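A.B. asks: All I have is the shape, not the residue letters:
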């Protein structure tokens, strides 16, 4: 194993990017809910000296500037079977779309409750890359986000289509 990390500045503040081998395994805000102990992040490196971390930084920067709608990075999130299933489904939510916790629970069709979906979403180790900000409460209201509701709002607004943005102006 070759676990390492870098810390980058972004439009949303400081982000820690964690990689293991050839896969990104973590993207964490500074005060991220359920942030692992930084001692598990491996050695700190400069992003520009590591091809995977440099690419992750470039793609995150482009996304947060509104110049990218998805990510093309090898990822390997660590979680139990339910979490991995939820995170896969979250990854399939299209750019600009949202799904409620209840809709997710119904789609899983295995007895998972909306609260359990919320718990899995809240433990997503690859925020932004696995777009957990696209999961909202019933009736579309904003609910918890590991990076805080202001960041969730920013990400959702970043992904809004021009007609939705125009409608919000009036």
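C.D. replies: Cool, got the structure. Values in this document were obtained by computation on a predicted structure and should not be read as measured data. Numbering: from 1, shown residues only.
A.B. asks: How about residue 40, nearest residue that isn't a chain neighbour?
C.D. replies: Nearest residue to residue 40, sequence neighbours excluded (Cβ to Cβ, 6 or more residues apart in numbering): residue 3, at 7.4 Å. Every residue, glycine included, has its C-beta placed from N, CA and C.
A.B. asks: taking the mean pLDDT, what do you get for stretch 122-129?
C.D. replies: For stretch 122-129, mean pLDDT rounds to 94.
A.B. asks: Span of that stretch from start to end?
C.D. replies: End-to-end span of stretch 122-129 (Cα to Cα, to the nearest Å): 14 Å.
A.B. asks: Stretch 122-138 too?
C.D. replies: 16 Å.
A.B. asks: can you list the weak-confidence ranges in this structure?
C.D. replies: 1, 162-170 (pLDDT under 70).
A.B. asks: Would you mind giving the domain segments of it?
C.D. replies: 3-64, 81-161 (automatic domain parsing).
A.B. asks: what about residue 103, neighbour count?
C.D. replies: Residues near residue 103, counting by other Cβ atoms under 10 Å, number 15.
A.B. asks: Whichever strand or helix holds it packs against which elements?
C.D. replies: Secondary structure from DSSP states H and E places residue 103 in helix 101-108. In this structure, helix 101-108 packs against helix 81-91, helix 114-122, strand 135-136, with contacts taken as 3 or more Cβ pairs under 8 Å, 6 or more residues apart in numbering; DSSP states H and E.
A.B. asks: quick one, which of the ones you listed is nearest to residue 101?
C.D. replies: helix 114-122 (3.9 Å; Cβ to Cβ).
A.B. asks: what separates the most centrally placed residue in the chain from residue 109, distance-wise?
C.D. replies: The chain has residue 127 as the residue nearest its centroid, 2.0 Å off, counting by Cα atoms, centre = their mean. Distance of residue 127 to residue 109, computed by Cβ to Cβ, to the nearest Å: 26 Å.
A.B. asks: What lies in contact with the top helix by length along the chain?
C.D. replies: For the chain, the helix with the greatest residue count under DSSP state H is helix 51-64. For helix 51-64, the surrounding residues in contact (Cβ atoms under 8 Å, 6 or more residues apart in numbering) are 4-6, 8, 10-12, 15, 17, 19, 22-24, 27, 45, 47-48, 68-69, 71-74, 128-129, 158.
A.B. asks: Thanks a lot, catch you later.
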